[in-house]
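In: mind looking at a prediction? Sequence and model below.
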Amino acid sequence: MGSTITEKILARASGLDEVKPGQIIEARVDLVLANDITAPLGIAEFEKAGFSKVFDPARIALVPDHFTPNKDIKAAGQAKKVREFARKHQIVNYFEVGRVGIEHVLLPDAGMVAPGDVVIGADSHTCTYGAVAAFSTGVGSTDFAAAMAWGHVWLRVPETFKFVYSGTPSPWVTGKDLMLHTIGLIGVDGALYQAMEFTGPAIEALSMDERFSMCNMAIEAGGKSGIVGFDEKTTRYLQSRPDGSRARTAGQVFASDRDAEYSRVLEIDAAAVQPTVSKPHLPSNTAAAADCADITVDQVVIGSCTNGRLHDLHQAASILAGRKVHPDVRCIILPGTQDVCLEAIADGTMQTLIEAGCAFSTPTCGACLGGHMGVLAEGERAVATTNRNFVGRMGHTGSEVYLASPYVAAASAIAGHIATPEEVGAAKGGSR
Amino acid sequence: MIFEGKAHTYGRDVDTDVIIPARYLTTNDPDELAKHAMEDIDAEFVARVRPGDVIVAGENFGCGSSREHAPVAIRASGVAVVVAASFARIFYRNAINTGLPIVVCADAVTDAENGDVMRVDLSAGTVENVTKGKTYRSEAFPPFMQELIDRGGLLEYVKSRVGGEGA
């Protein structure tokens, strides 16, 4: 019996010829990360345990992206702890405000993840890096502390749940829609403890940015990781990372064997998927966007670690170009990184969005988790390209979040209610 | 180890955003976090909970964010143990790592009502609903998890692995 790509990566990282689902392994980690919420607790545990040095200052990333630029005095205190730890231990990849981006956009874009890597991060959306054929998963602060000292992590080898997407999605259907649809099919614990392997012609046709969006939301189905196989698009993406970066110089390409064993295989006809939203208060509570036209909107958020890449902003701008955000709507753009901002300036995307009436934020997780930069009041409703719509996620417990793609979010910003691009008269094709 | 206390019952998919909302994540002080435990799903929880009480919940408890502040807040609020039909994986790791006892026992969850007196015996692997006079077998931890718990947690384990190099 063959192995899945996930099993092969984990076997390499643990120095074994092969591993099987359920097996407990100790895997060497290629990158360990935490942010301004999770790092302070991890640092406290690291120090309480009496560790005096990190395993490798070049393989730890500290990314203060959640409540920065510091939203209040307490947040400033937490960010300060991270900064001081980074200085003390000479952490190479500490990203100060001005250079920082949203961690799961920033780290792969900076070339810090290579195919075949094992990445753990004290943030649940660490599963994002499966888009470059790496194994990555979220852990808590104590696991982060342990990995900083040890350079390893214990893992239970996950079963792999294979998804095969056939057909060609219709013009306004993105990777985000495919993923929301998938979570709607299997539920928020439908892939609990499992690796989600995304395959099929519709995945091969997706841009890298949309593959990142899909892997990013594996956690919303309970998945341990999400992964897409390596192909020419992966190569092109990796080769355009910075000179000398890990993405350009390291890594090992693995692929699932034809006779690999899967816990389950689910075939999904991508051509039948419609622009999809997740209604409150679970990502699995999906509906066709076209069926939600009666839902009025107070705020639209476009960006985040799920959809804050340049391609996402292009999609939003293709709808908003020459149009105006509805007078009753606040449309906030959360770009993933400073480079995304620079590119959006250079190609006119930022001007298009600002002229339409959008507010541009600095790269931060802020609004997604109700931290700052777009918190909702009681009774308010948002359409967001983020990843979670739990009770109180974006602010007051009496507020609501509908998850959607950049196309649907932009169309909703114009209409003032949940809308498809067709409804606001967008020309077919959009930005692919 | 045996715990006995009143049940606080919840449904499935209790996420970490309601266990400890993000607006309180500007600290990692357990007592500060405990003041807001379960706030967005049960605003009266903090006033009602007594030391030794038991959270009883459905499938996928602790889904969502990786915030370790969630098990820390629950433990510091006085809750002795969480009994659930299943746990989301990051919460499961975090609970073990922070010393919050957790037990998987779907049958006990099905029968339990708010306020029932629950008796959880970790070593015997049983959950008893004293009010209803029923006893259930809980799932045993995998051997490696039990070893971590017995060694005093992940960091103690890692200290023994890293030896003199980093410790």
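Out: Looks like it arrived, so ask away.
In: these two touch, right, residue B:128 and residue B:121?
Out: Yes - with contact defined as Cβ atoms under 8 Å, residue B:128 reaches residue B:121; the gap is 7.5 Å. Bear in mind the C-beta positions are built from the backbone N, C-alpha and C, glycine included.
In: what about those two, which has more around it?
Out: Between residue B:128 and residue B:121, residue B:128 has the larger neighbour count (other Cβ atoms under 10 Å in any protein chain shown), namely 19 against 16.
In: partner strands of the host helix or strand of the more buried one and their direction?
Out: Secondary structure from DSSP states H and E places residue B:128 in strand B:126-129. Applying DSSP bridges, strand B:126-129 is found paired with strand B:117-121 (antiparallel), strand B:134-137 (antiparallel).
In: just after the shortest one, pick out the following helix or strand.
Out: Taking DSSP H and E as the definition, the helix or strand that follows strand B:134-137 towards the C-terminus is helix B:143-150.
In: is there any residue in that following helix that contacts chain A?
Out: Yes - counting by Cβ under 8 Å from any Cβ of the partner chain, chain A is contacted by helix B:143-150 at residue B:144.
In: buried residues in that helix?
Out: Going by neighbour count (16 or more other Cβ atoms under 10 Å in any protein chain shown), the buried part of helix B:143-150 is B:145, B:148, B:149.
In: winner for burial among the strands paired with strand B:126-129?
Out: Burial of these is given as mean neighbour count (mean count of other Cβ atoms under 10 Å in any protein chain shown); strand B:117-121 ranks first at a mean of 20.
In: output that one as CSV, nothing but the C-alphas.
Out: In CSV, the C-alpha atoms belonging to strand B:117-121 read as follows (Å, rounded to 0.1, in the frame of the first residue of the first chain):
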residue,chain,number,x,y,z
VAL,B,117,-24.1,16.3,39.9
MET,B,118,-21.4,14.6,38.0
ARG,B,119,-18.6,12.5,39.4
VAL,B,120,-15.6,11.9,37.1
ASP,B,121,-12.9,9.3,38.0
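In: what mean pLDDT does that strand get?
Out: The predicted model assigns strand B:117-121 a mean pLDDT of 97.
In: residues touching that strand, excluding its own?
Out: In this structure, residues lying in contact with strand B:117-121 by Cβ atoms under 8 Å, 6 or more residues apart in numbering or on different chains are B:1-7, B:54, B:56, B:80-81, B:83, B:101, B:103, B:108, B:112, B:126-131, B:138.
In: what sits up against the host helix or strand of residue A:153?
Out: Element membership for residue A:153 (DSSP H and E) is strand A:152-156. Strand A:152-156 is contacted by residues A:10, A:22-29, A:118, A:120, A:137, A:139, A:143, A:146-147, A:193, B:142, B:144, B:154, B:161 when judged by Cβ under 8 Å, 6+ apart.
In: tell me which helix or strand residue B:82 sits in.
Out: Secondary structure from DSSP H and E places residue B:82 in strand B:81-84.
In: that strand - contacts with which helices or strands?
Out: Applying 3 or more Cβ pairs under 8 Å, 6 or more residues apart in numbering or on different chains; DSSP states H and E, one finds that strand B:81-84 makes contact with strand B:54-57, strand B:102-104, helix B:106-111, strand B:117-121.
In: ok, the second one: who's next to it in the sheet?
Out: Read it as strand B:102-104. For strand B:102-104, the paired strands and their directions (DSSP bridges) are strand B:81-84 (parallel).
In: can I get the partner strand in CSV? Just the C-alpha atoms.
Out: This file holds the C-alpha atoms of strand B:81-84, laid out as CSV (Å, rounded to 0.1, in the frame of the first residue of the first chain):
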residue,chain,number,x,y,z
VAL,B,81,-13.0,18.7,34.2
VAL,B,82,-14.6,19.0,30.8
VAL,B,83,-16.7,16.0,29.5
ALA,B,84,-17.5,16.1,25.8
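In: what lies in contact with that strand?
Out: By Cβ under 8 Å, 6+ apart, the residues outside strand B:81-84 that reach it are B:3, B:54-59, B:61, B:74, B:95, B:100-105, B:108-109, B:112, B:118, B:120, B:122, B:127, B:138.
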